[in-house]
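1. sequence first, then the predicted structure:
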Amino acid sequence: MPELPEVESIKRYLIAQNIPDSTIHRVEIGWSDSIAAPAADIETFANRVSRKRIATIKRRGKYIVSTLSDQQDTQSHLVLHMGMTGSLHVRNPSDPPVKYRRAAIYLDDNRRIELNDYRRWAKLWALDDPKDAYPKLGPEPWDLTPDEFANRLRTRRSRIKPALLDQSIIAGVGNIYADESLHQTGISPLRRANRISTQRLTRLHANIMDTLNHAIQFISTHPSQDGSPYVVDAYDDRMRITRIPNSPCPTCHQPIKNTKIAGRTAYHCPTCQH
Ligand SMILES: [Zn+2]
């Protein structure tokens, strides 16, 4: 699943392609389930975003938020979530369509932004207030002080791993990056959040930001052939932990264990993580 670093990379790619300041000429939606309420039919959605200028493109958690403005300078928003397999590609008129094209946003400069999505779980919203797409989303790790981060977790009785994945507590930490950050801090994913010292939670906060920044850096220096962001792969060398049971821990070389916690597989080292 595209996680925060992949989504951040897509955002930076769109900005590098000078998408802000372009005007949306029209949209084509090939899969009506891609669009979410309130503009849940293709025509309403197309009317809400067409002939609007893309003023800014930002990221919030795993969402791409584009502020649109019309000729009267009234603002609205186009919000995108990449689902399990979504990615965005800027295409020139002579470029063929992407393989699993679910939507195309045609721009007034004749380019188009295509949503490639094999699994069809990506979503698009046309909204006045972008928060309606993610009403319960918590703050980003970068927007929290170490103390605020620790405060959000130390009252939780759940295990630390599902607490990190709870997007209402902190936005944007996915399965793989939670495992990486916990390993780096030496905290077991099975430990209850309220049993971890503030000092260790503070270190975890720094390591989450480090892990995410490292991944953003890796993705931005490994573009795919057409220049669009690197496709997510949990097994590449941006990760310290090899996500294969019994592979050696990068620190102590003892076998890495995989454990199901709240429905998600955690890879961790029983020797290094407590
Ligand atoms: Zn170890």
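-> In hand now; what should we look at? Not measured: the values here are computed from a predicted model. Numbering: from 1, shown residues only.
2. list the buried residues in the top strand by length along the chain.
-> Scanning the chain for the longest strand, with DSSP state E as the assignment, gives strand 52-60. Neighbour-count burial for strand 52-60, counted by 16 or more other Cβ atoms under 10 Å, picks out Lys52, Arg53, Ile54, Ile57, Arg59, Arg60. For the C-beta atoms, the positions are set from N, CA and C on the backbone; glycine is no exception.
3. quick check, Ser50 in contact with Ile29.
-> No - judged on Cβ atoms under 8 Å, Ser50 makes no contact with Ile29 at a distance of 11.7 Å.
4. more neighbours: the two, which one.
-> When neighbours are counted by other Cβ atoms under 10 Å, Ser50 and Ile29 differ, and Ile29 comes out ahead with 19 against 16.
5. so who does that one touch?
-> Ile35, Ile42, Phe45, Ala46, Arg102, Ala103, Leu124 (Cβ atoms under 8 Å, 6 or more residues apart in numbering).
6. who does it form a beta bridge with?
-> Legend: beta-bridge partners of Ile29 under DSSP bridges are Ala103.
7. then Ser69?
-> The residues listed as beta-bridge partners of Ser69 by DSSP bridges are Arg53, Gln75.
8. and it, how many residues sit next to it?
-> Here the count is done by other Cβ under 10 Å, and Ser69 has 15 residues near it.
9. Glu6 too?
-> Glu6: 22 neighbours (other Cβ under 10 Å).
10. what helices and strands are in contact with the strand or helix carrying it?
-> Using DSSP states H and E, Glu6 sits within helix 4-16. Other helices and strands packing on helix 4-16, by 3 or more Cβ pairs under 8 Å, 6 or more residues apart in numbering; DSSP states H and E, are strand 52-60, strand 63-69, strand 86-91, helix 198-220.
11. contacts for it?
-> Contact with helix 4-16 is made by 2, 20, 57-59, 61-64, 82, 87-88, 90, 113, 171-174, 177, 212, 215-216, 218-220, 223, 227-230, 232, as judged by Cβ under 8 Å, 6+ apart.
12. mind running it again at 7 Å?
-> By Cβ atoms under 7 Å, 6 or more residues apart in numbering, the residues outside helix 4-16 that reach it are 57-59, 61-62, 64, 82, 87-88, 172, 174, 212, 215-216, 219-220, 228-230, 232.
13. so for that helix, what gets flagged as buried?
-> Leu4, Pro5, Glu6, Val7, Glu8, Ser9, Ile10, Lys11, Arg12, Tyr13, Leu14.
14. does stretch 244-257 come close to the ion?
-> Yes - legend: contact between stretch 244-257 and the ion by Cβ under 5 Å from the ion is shown at Cys249, Thr251, Cys252.
15. with adjacent residues omitted, what lies nearest to the one residue in the stretch 1-150 of the chain that gets nearest to the ion?
-> Residue nearest to the ion within the stretch 1-150 of the chain: Glu3 (23.6 Å; Cβ to the ion). Residue nearest to Glu3 in three dimensions, not counting chain neighbours: Gly174, with 3.7 Å by Cβ to Cβ, 6 or more residues apart in numbering.
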